[in-house]
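Participant: Sequence plus predicted model, see below.
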Amino acid sequence: HKSQNRHARLVLNVAGLSPQLLGQSAFYPVLGALIGRMAGETVCAVTGMPNGATDDELKSLCAGAASTGAVALVHIVGVTPEAPDLETALGGLPPEQTVHLTTEMVIKARNRLSLAKAGPIDSVALGSPHFSDGECRALLRLADGQPFKVPVYICLGRHTLAELQADGADIALSDLGVEFVVDTCVVVTPILPAAPGVMMTNSAKFAHYATGNTGHLPVFGTLADCVASAQAGRVIWDHGVWS
């Protein structure tokens with residue numbers, strides 16, 4: 001809570017990554033998981049990120065960072081309020097460490113979020129942190145009316161569910177095979193099928209806690225991967241988005 005304790009000491013530079021990778025929503029939870037492991041309790045500043053990150057992307061980054069490490073604060077230079085530039089984020093002091101992220105480092109961090117290999121899945125769990133109205137509707141568009149072969153659990157708040165109910169989007173999702181988990185999530189409430197099993201997710205937080213809390217092995221993928229996998233009943237990965 002003191003200003004001097006909010007200054008970054010670790011700098012992660014992502015400028016060397018491809019614009020395609022930086023433009024992927026799935027990059028944010030993976031970056032968060034990587035930050036957590038590298039930073040621990042250290043305040044980190046990320047530089048080289050494009051403008052225009054959404055609230056959903058930033059929340060997934062912070063959730064991943066707080067799950068894999070004791071991270072309380074992350075600055076995204078040029079994006080978050082206390083970091084209009086790197087010098088401000090650092091409080092005018094030199095960083096203790098600067099790390100230039102490579103594609104290989106990102107892919108390694110992504111792979112650490114999957115404990116199961118390609119093959120059948122038992123469920124898909126989304127919404128850690130809770131899914132937003134926009135994320136629910138993105139899933140609906142990706143599904144394109146094709147039903148799921150395994151349960152797809154969407155964890156969300158009651159107010160978000162009310163937004164979906166206002167125009168019948170909740171019914172359209174339920175018809176696909178979505179089961180809504182309201183005001184809680186599948187890693188703290190016994191909702192998943194009996195363990196052992198394989199749970200696919202686009203959440204670094206779910207991937208980190210899944211096995212310890214539920215006994216299910218996680219498989220991490222993009223939201224599009226999760227939708228395609230739920231429709232197929234097995235893991236489908238598009239590795240091209242990580243190049």
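Facilitator: Now that the structure is in, tell me what you want to look at.
Participant: quick one, longest strand in the protein?
Facilitator: If you go by DSSP state E, the chain has its longest strand at strand 123-131.
Participant: Mind telling me what element V181 is part of?
Facilitator: For V181, the enclosing helix or strand under DSSP states H and E is strand 178-182.
Participant: Just the mean pLDDT for that strand, thanks.
Facilitator: Strand 178-182 carries an average pLDDT of 98.
Participant: cool, stretch 192-212 as well?
Facilitator: 94.
Participant: likewise stretch 224-234?
Facilitator: Mean predicted lDDT for stretch 224-234 stands at 98.
Participant: Show me what counts as buried in that stretch.
Facilitator: Neighbour-count burial for stretch 224-234 flags A224, D225, C226, V227, A228, S229, A230, Q231, R234 (criterion: 16 or more other C-beta atoms under 10 Å). (Each C-beta comes from the backbone N, C-alpha and C, glycine too.)
Participant: Repeat that for stretch 145-162.
Facilitator: F148, V150, P151, V152, Y153, I154, C155, L156, G157, T160, L161.
Participant: That one: end-to-end distance?
Facilitator: 22 Å (C-alpha to C-alpha, to the nearest Å).
Participant: Off-centre distance for that stretch?
Facilitator: Chain-centre distance of stretch 145-162: 17 Å, with C-alpha atoms, centre = their mean, to the nearest Å.
Participant: hmm, who's touching that stretch?
Facilitator: 121-128, 130-133, 136, 139, 170, 173, 175-186, 191-193, 226, 230-233 (C-beta atoms under 8 Å, 6 or more residues apart in numbering).
Participant: Just the buried subset of these, written out for PyMOL, thanks.
Facilitator: To isolate the buried members of those in PyMOL, using 16+ other C-beta under 10 Å:
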select buried, resi 121+122+123+124+125+126+127+128+130+131+132+133+136+139+170+173+176+177+178+179+180+181+185+186+191+192+226+230+231
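Participant: pLDDT of stretch 48-57, averaged?
Facilitator: For stretch 48-57, mean pLDDT is 94.
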